[in-house]
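[1] After the sequence you'll find the predicted model.
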Amino acid sequence: MGSMTAFTRRNVLKGALAAAGAAAVVPAATSAAHATSPAGVALVRNRLTLPSGIATGDVTADSGVLWSRASGPGRLVASLRAVDDDGAPLRGGRAFQRVLRGSAASEATDFTSRINAEHLPAGTRFALTLHFEDADGNAGETAQGSFSTAPGTGLISSGRAARKQSFVWTGDTAGQGWGINEEIGGMRGYAAMHATKPDFFIHSGDTIYADGPITAQVTEPDGQIWRNLVTEEVSKVAETLNEFRGRHRYNLMDRNVRAMYAEVPVIAQWDDHETHNNWYPGEIITDSRYTERRVDVLAARGRQAWQEYQPISGLSTRIGDGSTGFEPARIYRKISRGPQLDVFCLDMRTFKDPNTDGKETHLTHILGQEQAEWLIREVSKSKATWKVISADLPLGLVVPDGTVNQESLANRDAGAPLGKELEIAGVLSAFKRNRVKNVVWLTADVHYCAAHHYSPERAAFTDFDPFWEFVAGPINAGSFGPGELDGTFGPERVFYKTGAYANQSPRTGENQFFGHVDLTEDDVFSVSLRNANGTVLWTKELQPQR
């Protein structure tokens, strides 16, 4: 694992800037003017730019993470201003304006930086401006964005109803060789999600495909040519830290992704393709494309790149505290979205036992004991009306890893729980025992959309309360499905939609999917499954249990 170096002295930052050289920054248009500057007038350095745009993430009622990447060494500076829904500054007692400074961006973090913005007013929309300044205090390129904190307990704040919000979720970006095709407008699914004006976005994993090379052209079954943007880092499987970083840089080349991330906070999860397909800790992969086959080595590099490029909370940005900035054993977390909603992000990869047929008579892990206990404890004590569990793998869908082994917990045995099913059975049973209401599971991973209802009356294991699981994705990858359902927890496939054939390209948008949730002022959980053209395919309203 690399470390996030905290620069505390101006001369250190200046030294890093000098060492990086002119290649680290984008040449400015004023270079010719510099050559003719009169004697005695200081030359202005090429200003720092924002080659990967800006983003926000893990936004709660009173905090959020602000993120960007610089073209060279510098320090991130943010300006926040509370505005109304029309973008006008709030006045009087609701006025709020703050300037925040983040960690130094250096080669140690691929020039990424973040700011943990805290003590923000709830239910408030903010206009956001981000830029980097160099060691001499010169401000670089600026970018504008916006985000809204979650509703609080007050009545009305800045014109926004205190108990009303919406969000979208999906997964699987730039997979199976389907990258940024500018001939069709790039990753249009992100534009469709952005158009719904959600308050936040859950990326349910496979934020990149580190194991899927992207070539300049792909011939589709009907003879059409799919044309990708290609960079050196995406032309092969990712093994080095720079190649993993390059995958994240690639996705941020897409204008739809950058536009959405500037205005919609993300809650990011990781799954397998941030490292390698279907990986588990300790695995030695047999993929002949790799020179490094220890998955733990690849996962450490993949995790560092993922944490550098995702605006996730819990990473230290305080100067001089000695922190590395990375927390290798803790990606799972809770994001509080006010009295209506808590989001629980799972990590079903880091603590996973090896992929087997899943029929062990003893408990095997997909969450790990510590995470399972955390999930039971935090969901049980949540005061929010709705508890959304964002899982990077589905519960009842069979996800094969070869002809025998299983990638998720479903094992094709409809009887009593076995293996990894035992861990989830314990979680579901604890929810019932603790009288937890209004739990909804969201996921992606399987490259089609579906709505599953789980009920003990149909199940081999009956010690749980009924719940819904909604599946969405991919957003820019090959479409597949449908998968086989395992009957242990009594799932019923109420709705599903797939592509026309396996690994169909995203060209038409009809086979790319995302989910949308609207939480009304009366706490109705209104969910819809949509395609990348924005077409609503299926809807369901869930009434809260009190």
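    Good, I have the coordinates.
[2] Where do the helices of the stretch 201-350 of the chain begin and end?
    241-251, 255-263, 295-309 (DSSP state H, counting those that start in this stretch).
[3] Any chance of CSV for those helices, columns mean neighbour count and distance to Leu409?
    C-beta coordinates here come from the backbone N, C-alpha and C atoms, glycine included. Putting these into CSV (neighbours: other C-beta atoms under 10 Å; distance: least, C-beta to C-beta, whole Å) gives the following:
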stretch, mean neighbour count, distance to Leu409
helix 241-251, 22, 27
helix 255-263, 20, 31
helix 295-309, 22, 20
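[4] what's the closest of these to Pro198?
    helix 255-263 (9.1 Å; C-beta to C-beta).
[5] now the angle from the closest one to helix 241-251?
    90 degrees (axes from the mean of the first three to the mean of the last three C-alpha atoms, to 10 degrees).
[6] Other residues contacting helix 255-263?
    By C-beta atoms under 8 Å, 6 or more residues apart in numbering, the list of residues contacting helix 255-263 from outside reads 52-56, 143-147, 173, 185-191, 193-194, 201, 251-252.
[7] Where do the strands of the stretch 151-300 of the chain begin and end?
    Along the stretch 151-300 of the chain, counting by DSSP state E, counting those that start in this stretch, strands occupy 156-157, 160-161, 165-170, 200-203, 217-219, 225-227, 266-268.
[8] In TSV: those strands, plus distance to Trp441, mean neighbour count and mean pLDDT.
    Output for these, formatted as TSV (distance: least, C-beta to C-beta, whole Å; neighbours: other C-beta atoms under 10 Å; pLDDT from 0 to 100):
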stretch	distance to Trp441	mean neighbour count	mean pLDDT
strand 156-157	30	16	41
strand 160-161	27	16	46
strand 165-170	11	24	98
strand 200-203	12	25	98
strand 217-219	34	12	98
strand 225-227	33	15	98
strand 266-268	15	23	98
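[9] possible to save those as CSV with distance to Arg293?
    Listed next are the strands of the stretch 151-300 of the chain as CSV, based on distance: least, C-beta to C-beta, whole Å:
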stretch, distance to Arg293
strand 156-157, 53
strand 160-161, 51
strand 165-170, 31
strand 200-203, 28
strand 217-219, 27
strand 225-227, 30
strand 266-268, 27
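[10] In the chain, mark out all the helices, start to finish.
    In the chain, the segments counted as helices under DSSP state H are 10-20, 31-35, 188-195, 241-251, 255-263, 295-309, 369-381, 420-433.
[11] Show me what counts as buried in the third one.
    Neighbour counts over helix 188-195 (16 or more other C-beta atoms under 10 Å) mark 188-194 as buried.
[12] what does it contact?
    Applying C-beta under 8 Å, 6+ apart, the contact partners of helix 188-195 are 168, 170, 185, 201, 254, 256-257, 259-260, 263-264, 475-476, 506, 509, 512, 514, 516, 530-534.
[13] rewinding a little: got CSV for the buried residues of helix 188-195, with pLDDT and distance to Thr286 too?
    Below are the buried residues of helix 188-195 laid out as CSV (pLDDT from 0 to 100; distance: C-beta to C-beta, whole Å):
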residue, pLDDT, distance to Thr286
Arg188, 97, 36
Gly189, 98, 33
Tyr190, 98, 35
Ala191, 98, 39
Ala192, 98, 38
Met193, 98, 37
His194, 98, 40
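[14] Can you tell me which of these is nearest Ala105?
    Closest to Ala105, out of all of the buried residues of helix 188-195 and judged by C-beta to C-beta, is Tyr190, at 24.9 Å.
[15] where does the closest one sit relative to Tyr261, distance-wise?
    9 Å (C-beta to C-beta, to the nearest Å).
[16] go on, Thr286?
    From Thr286 across to Tyr261, the span is 36 Å (C-beta to C-beta).
[17] Tell me where the model's unsure across this protein.
    Across the chain, the ranges flagged by pLDDT under 70 are 1-45, 154-162, 315-329.
[18] please redo it, this time with the cut-off set to 90
    Applying pLDDT under 90 to the chain flags residues 1-46, 85-87, 90-95, 103-104, 152-164, 313-330, 546.
[19] Let's check: the centremost residue of the chain is which one?
    Ala268 (2.1 Å; C-alpha atoms, centre = their mean).
[20] ok, now which ones touch that residue?
    Listed by C-beta under 8 Å, 6+ apart, the contact set of Ala268 reads 57, 203, 207, 306, 310-312.
[21] Could you rerun that using 7 Å?
    Residues counted as contacts of Ala268 (C-beta atoms under 7 Å, 6 or more residues apart in numbering) are 57, 203, 207, 310, 312.
[22] Filter the residues you listed down to the buried ones.
    For the contacts of Ala268, a neighbour count by 16+ other C-beta under 10 Å gives the buried set as 57, 203, 207, 310, 312.
[23] The last one contacts Asp58, correct?
    I take that to be Ile312. Yes - contact criterion C-beta atoms under 7 Å: Ile312 and Asp58 qualify, at 5.6 Å.
[24] and for these two, which residues touch both?
    Going by C-beta under 7 Å, 6+ apart, residues that sit against Ile312 and also against Asp58 are Val65.
[25] Asp465: how many residues sit nearby?
    16 (other C-beta atoms under 10 Å).
[26] how far away is the closest residue to it other than its chain neighbours from Gln371?
    Leaving aside its sequence neighbours, Asp465 sits nearest to Lys432 (C-beta to C-beta, 6 or more residues apart in numbering; 4.9 Å). For Lys432, the distance to Gln371 (C-beta to C-beta) stands at 19 Å.
[27] Which of the two has more residues huddled nearby?
    For Lys432 versus Gln371, the count of surrounding residues by other C-beta under 10 Å is larger for Gln371: 22 against 13.
[28] And for the more buried one, nearest residue in space, chain neighbours not counted?
    In space, Gln371 is closest to Tyr332, 5.3 Å off (C-beta to C-beta, 6+ apart).
[29] you'd agree that neighbour is up against Arg349?
    No - using C-beta under 7 Å, Tyr332 is not in contact with Arg349, being 10.2 Å away.
[30] Go through the buried ones among the contacts of Ala268 and say which is closest to Val404.
    Nearest to Val404, judged by C-beta to C-beta, of the buried ones among the contacts of Ala268 is Thr207 at 28.8 Å.
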